[in-house]
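Peer 1: need a structure here:
(one chain, ligands or ions: 1)
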Amino acid sequence: MCGIVGAIANRDVVPLLVEGLKRLEYRGYDSAGIAVLSGEAVRRVRRTGRVAEMEAAALAEGLDARLGIGHTRWATHGGVTESNAHPHISHGELALVHNGIIENHEAQRQRLEALGYEFTSQTDTEVVAHLIHHHRAQGGSLLSALQAAVKELHGAYALAVIDKRDPTTLVAARMGCPLLLGLGEGENFVASDVSAIVSATRRVIFLEEGDTAELTIDGVHVFDADDAPVAREVHVSDVSLASLELGPYRHFMQKEIHEQPRAIGDTVEGIVDAGGFDAGLFGKEAASVLADVESVQILACGTSYYAGLTARYWIEALAGIPCAVDIASEYRYRKVVGNPKQLIVTISQSGETLDTMEALKYAKAQGQDKTLSICNVPESAIPRASRLVFLTRAGAEIGVASTKAFTTQLVALFALAVTLGKLRGQLDEAREGELLEALRHLPGSVQHALNLEPQVAAWASSFAPRQHALFLGRGTHYPIALEGALKLKEISYIHAEGYPAGELKHGPLALVDTQMPVVVIAPNDALLEKVKSNIQEVRARGGEMFVFADADSSFSESEGVHVIRTPRHVGILSPIVHAIPVQMLAYHTALARGTDVDKPRNLAKSVTVE
Ligand code: AGP
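Peer 2: Down below sits the predicted model:
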């Protein structure tokens, strides 16, 4: 949450900062701001709303500078106002941007007020600006002031700081929030993620927890948590500019929905290239870590949690191992019974979701060190804290609503289920071959589902005026019902709930009337006849049904029952194919309602706060 970019260069950094903030806007879009060193002065432009509004103001001010920092905010402490927007300035000299939460900000605020500092915002961040300023006033460099200040902070932060008394330096610090340095020719950068600087450089250093850094035009110096100089590895990012741009699409969500055959194909290719369902898929240590696994505990949030719920069916069916799935923010606060032979699987698109990270740390603290992360962002915090890693190959996902990350997570989890099954002798070679073949055909089946878009779009007009919707599914399609409901509420603001279809008569049936559209995911699997009975229960109460079936489910349209058929039933991988129409339904409903599809209100793409 919140995006940071900073630059020191031999050219005007203002366009670099603005472009970087536009690419980071997915991390928060309540307000945006930049501060630059222009001549002898720190000049700042902040605006509530989108980066484009701030950009227009910066252009009007004619800012031109060689050193500057920028920020896009997702509000935590203090409302969405210009005075709470970053950068924050201390004494007109030092400007700072911050991502994270400073837990001891109140105590520090009192202390700094007693020292004569005046606060102009309600943020926890302003404390840090004044605290660094205070240490600077004791003598020493901007870097040493930053290093002294961060030792007095509790909480999570990524920081970038400039000071007019030190016009050749940009300093940065990281604890609990991602921050990287970008290495250019005669210019260097700091950013929350590589997308912000990729048009300038691909050479990056990922700061470690507790690191601070000093950037000049000529180079960067990194220091560890004890302030000792340290050499960190330089990575060359393979993020492509095309993956960060809309191309012919209207929204990133639309683009990402349509990228799924490619994203799934690339992820499957990684499995095939590694020789199929082999422990090596999950890392060098995997054979020994997975060998004696007795049970699986999945931890995740939001859509990633629903991927975990789907995986439970696969893991129990294919590997014969008990599998529990918990919402990370619940798991981390309950007393769990640690089992060193339990595999802890975290699922996260971003790899930086705070609750998932904390749940992982908590599991490890219970003596559970068999940890596997399924993640889409290499070098992010959660995979780095895990012994085993499977990187999905979805490519950058920018729309706040997760789509291709979800379906590629499902592919990874399916591979895990089969691999565990194989290691436990539950699957013979023939069955393993069939399952690999099924994966190989998946991109094609997903493409067929995408071809249903005009039919799904036609349904959206029925949903757009509604206040509520129900999504029903059974078995592996129950989590897809949950995901369909989450997608719809997230981007169209229609209240939607997902239910196991069999649970309907235990409560939610009371909601059903002619105004309640009910979406049913009803492929031709073992539960089809049961789902059909559930549909009758809804129809008898006047509810209008929107059924996603497949070519093999014997369904016919009738009064109040609309049916869209995905192509032939794809067996065990059917939930992946059925994720596509529910994504498209949410997208087209949101379009019809005119909401901001890629940046829905109050949300952000990566949730690095509790
Ligand atoms: C999905 O559309 C959401 N925006 C959200 O639920 C997301 O899946 C959740 O915040 C978890 O994020 P992660 O996968 O990056 O950990």
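Peer 1: buried residues, stretch 138-145. List them.
Peer 2: 142-145 (16 or more other CB atoms under 10 Å). Where C-beta positions appear, they are placed from N, C-alpha and C, glycine not excepted.
Peer 1: closest to the ligand among these?
Peer 2: Leu143 (32.1 Å; CB to the nearest ligand atom).
Peer 1: was I right to think that closest one contacts Asp211?
Peer 2: No. Under the criterion of CB atoms under 8 Å, Leu143 makes no contact with Asp211, lying 11.8 Å away.
Peer 1: give the residues shared as contacts by those two.
Peer 2: Both Leu143 and Asp211 are contacted by Phe223, under the criterion CB atoms under 8 Å, 6 or more residues apart in numbering.
Peer 1: so where does Thr72 fall, helix or strand?
Peer 2: If you go by DSSP states H and E, Thr72 is part of strand 67-73.
Peer 1: the helix or strand following that strand packs against which elements?
Peer 2: Scanning forward in sequence from strand 67-73 by DSSP H and E, the next helix or strand is strand 88-90. On a contact count with 3 or more CB pairs under 8 Å, 6 or more residues apart in numbering; DSSP states H and E, strand 88-90 meets strand 94-102, helix 125-137.
Peer 1: at 7 Å instead, please
Peer 2: helix 125-137 (3 or more CB pairs under 7 Å, 6 or more residues apart in numbering; DSSP states H and E).
Peer 1: what about the helices in the stretch 351-500 of the chain?
Peer 2: 354-365, 381-384, 404-423, 429-450, 453-463, 478-492 (DSSP state H, counting those that start in this stretch).
Peer 1: need those helices in CSV with distance to the ligand, mean pLDDT and mean neighbour count, can you?
Peer 2: Listed next are these as CSV, based on distance: least, CB to the nearest ligand atom, whole Å; pLDDT from 0 to 100; neighbours: other CB atoms under 10 Å:
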stretch, distance to the ligand, mean pLDDT, mean neighbour count
helix 354-365, 5, 96, 21
helix 381-384, 8, 93, 22
helix 404-423, 6, 98, 27
helix 429-450, 18, 95, 17
helix 453-463, 18, 95, 16
helix 478-492, 5, 98, 26
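Peer 1: between the ones you listed, which one is closest to Thr310.
Peer 2: helix 478-492 (4.4 Å; CB to CB).
Peer 1: can you give me the angle the closest one makes with helix 453-463?
Peer 2: Orientation check (axes from the mean of the first three to the mean of the last three CA atoms, to 10 degrees): helix 478-492 against helix 453-463 gives 70 degrees.
Peer 1: just the C-alpha atoms of helix 478-492, please, in PDB.
Peer 2: What follows is helix 478-492, C-alpha atoms only, in PDB (Å, rounded to 0.1, in the frame of the first residue of the first chain):
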ATOM      1  CA  TYR A 478     -18.000 -23.400  -4.400                       C
ATOM      2  CA  PRO A 479     -14.800 -21.300  -4.100                       C
ATOM      3  CA  ILE A 480     -15.400 -20.100  -7.600                       C
ATOM      4  CA  ALA A 481     -18.800 -18.900  -6.400                       C
ATOM      5  CA  LEU A 482     -17.100 -17.100  -3.600                       C
ATOM      6  CA  GLU A 483     -14.600 -15.600  -6.100                       C
ATOM      7  CA  GLY A 484     -17.400 -14.500  -8.400                       C
ATOM      8  CA  ALA A 485     -19.200 -12.700  -5.600                       C
ATOM      9  CA  LEU A 486     -15.900 -11.000  -4.500                       C
ATOM     10  CA  LYS A 487     -15.200  -9.900  -8.000                       C
ATOM     11  CA  LEU A 488     -18.700  -8.400  -8.400                       C
ATOM     12  CA  LYS A 489     -18.700  -6.600  -5.100                       C
ATOM     13  CA  GLU A 490     -15.200  -5.400  -5.500                       C
ATOM     14  CA  ILE A 491     -15.500  -3.600  -8.800                       C
ATOM     15  CA  SER A 492     -19.300  -3.000  -9.300                       C
END
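Peer 1: by how many degrees do it and helix 404-423 diverge?
Peer 2: Using the same axes, to 10 degrees: helix 478-492 against helix 404-423 is 160 degrees.
Peer 1: which strands or helices does helix 478-492 pack on?
Peer 2: Helices and strands touching helix 478-492, by 3+ CB pairs under 7 Å, 6+ apart, are helix 302-314, strand 468-473, strand 495-500, strand 517-522, helix 574-593.
Peer 1: ok, Pro383 to Gly280 distance?
Peer 2: From Pro383 across to Gly280, the span is 16 Å (CB to CB, to the nearest Å).
Peer 1: do you know how far the closest residue to the ligand within the chain is from Gln447?
Peer 2: Closest to the ligand within the chain is Gly302: 1.8 Å, counting by CB to the nearest ligand atom. Going from Gly302 to Gln447 by CB to CB gives 26 Å.
Peer 1: same list (the helices and strands packed on helix 478-492) but as TSV, adding mean pLDDT.
Peer 2: As requested, the helices and strands packed on helix 478-492 are arranged in TSV below (pLDDT from 0 to 100):
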stretch	mean pLDDT
helix 302-314	98
strand 468-473	95
strand 495-500	96
strand 517-522	93
helix 574-593	97
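Peer 1: and the helix or strand encompassing Leu299, what other elements does it pack with?
Peer 2: Per DSSP H and E: Leu299 is located in strand 295-300. Contact here means 3+ CB pairs under 7 Å, 6+ apart; on that basis strand 295-300 packs against helix 302-314, strand 323-327, helix 328-331, strand 342-348, helix 354-365.
Peer 1: ok, now with 10 Å
Peer 2: helix 302-314, strand 323-327, helix 328-331, strand 342-348, helix 354-365, strand 371-375, helix 404-423 (3 or more CB pairs under 10 Å, 6 or more residues apart in numbering; DSSP states H and E).
Peer 1: of these, which approaches Val222 most closely?
Peer 2: Comparing these by CB to CB, helix 354-365 comes nearest, at 22.1 Å.
Peer 1: and the end-to-end length of stretch 335-353?
Peer 2: One end of stretch 335-353 to the other measures 21 Å (CA to CA, to the nearest Å).
Peer 1: circling back: what strands line up against the strand holding Thr72, and which way round?
Peer 2: strand 3-9 (antiparallel), strand 31-38 (antiparallel) (DSSP bridges).
Peer 1: great, nothing more from me.
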